[in-house]
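**Student:** I need the structure of the sequence given here:
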Amino acid sequence: DANDVLSHNCMLNVVFGKREIGKSYGMMRRACARRVRNHEGMVWVRPTAEAAQTLASSFGNDKWQKLWTTYGYEKDRFKRVSGNRIVYKDGNEWRPLIRYWGLSEWEDARDNDDPSEAFLYLDEFVMAPESLRRYCGQPAKHLLDMWVSLRRGKPKMPVLLAGNPEKGVDWFLPFLGVEDRQTPERVRIYNV
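**Tutor:** Numbering: from 1, shown residues only. Next up is the predicted model:
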């Protein structure tokens, strides 16, 4: 449960979990709840622009249908706009819910902060070694640069990175100097 992880009030949070345990679905659920309850939007990042666009284009799929049905949201109050944005109708206004970015687009994300975006989620951050080799630049520096730019003027904007450890390389924790090997069902807090 991402809410348990985020309850430790750390700025940078990392979750390792196998496929099909609800990492992405949980974030969709959290995004809707935070938009409705706290009037907050979020930024959802995938490693590449193509992966972010694919995720944005999946709007309305089975996961969304399940979310709307299970939690009683009105489907007509959600829509996709501008290619990479999902909005929610709050009263008479359409307000930001999720904005999708590719980490590879980190330079384009700079100076595009939105005051309502209060959370950054990097989905599928663990990359296969060949994907990491093809990535141009340093993903950890790009993520931190994107985060600093997007959180400008906000007192707090937590970041959650989630990935499947079986997929390959964790490039983030080693960048921070954390070499501890993760074990299931454990929360660790580091000062780096």
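
**Student:** Could you check how far the residue sitting furthest away from the middle of the chain is from Asp113?
**Tutor:** The centre of the chain is farthest from one residue, Asn92, which by Cα atoms, centre = their mean lies 27.0 Å away. Using Cβ to Cβ, to the nearest Å, Asn92 is found at 25 Å from Asp113. C-beta here means a position set from N, CA and C on the backbone, and glycine is covered the same way.

**Student:** ok, the residue nearest the centre of the chain to Val87 distance?
**Tutor:** Taking Cα atoms, centre = their mean as the criterion, Tyr121 is the residue nearest the geometric centre of the chain, at 1.7 Å. Here Tyr121 is placed at a distance of 17 Å from Val87 (Cβ to Cβ).

**Student:** ends of stretch 10-18, how far apart?
**Tutor:** In stretch 10-18, first residue to last residue: 23 Å (Cα to Cα, to the nearest Å).

**Student:** just to revisit the earlier point, tell me who's in contact with the residue nearest to the centre of the chain.
**Tutor:** 27, 42-45, 159-162 (Cβ atoms under 8 Å, 6 or more residues apart in numbering).

**Student:** switch to 10 Å and redo it
**Tutor:** 2, 13, 23-24, 26-28, 30-31, 42-46, 98, 158-162 (Cβ atoms under 10 Å, 6 or more residues apart in numbering).

**Student:** do Cys136 as well
**Tutor:** 104, 142.

**Student:** packing partners for the helix or strand hosting Leu97?
**Tutor:** Leu97 is part of strand 93-102 when elements are defined by DSSP states H and E. Contact here means 3 or more Cβ pairs under 10 Å, 6 or more residues apart in numbering; DSSP states H and E; on that basis strand 93-102 packs against helix 23-38, strand 41-46, helix 49-57, strand 78-81, strand 85-90, helix 106-109, strand 117-123, helix 139-150.

**Student:** Report all helices and strands that the second one contacts.
**Tutor:** Contacting strand 41-46 under the criterion 3+ Cβ pairs under 10 Å, 6+ apart are the following elements: helix 23-38, helix 49-57, strand 85-90, strand 93-102, helix 106-109, strand 117-123, helix 139-150, strand 159-163.

**Student:** closest one to Gly177 among the ones you listed?
**Tutor:** Closest to Gly177 of those, according to Cβ to Cβ: helix 139-150, at 11.0 Å.

**Student:** can you pull the contacts of the closest residue to Ala51 other than its chain neighbours?
**Tutor:** Using Cβ to Cβ, 6 or more residues apart in numbering and skipping the chain neighbours, the partner closest in space to Ala51 is Gly102 (6.3 Å). If you count contacts by Cβ under 10 Å, 6+ apart, Gly102 has them with 45-55, 84, 108-109.

**Student:** Distance of Gly102 relative to Leu67?
**Tutor:** 23 Å.

**Student:** How about Pro96: which residues does it bridge to?
**Tutor:** Bridge pairing for Pro96 (DSSP bridges) gives the partners Val87.

**Student:** Is there a neighbour count for it? I'd like the number.
**Tutor:** Using other Cβ atoms under 10 Å, Pro96 has 20 neighbouring residues.
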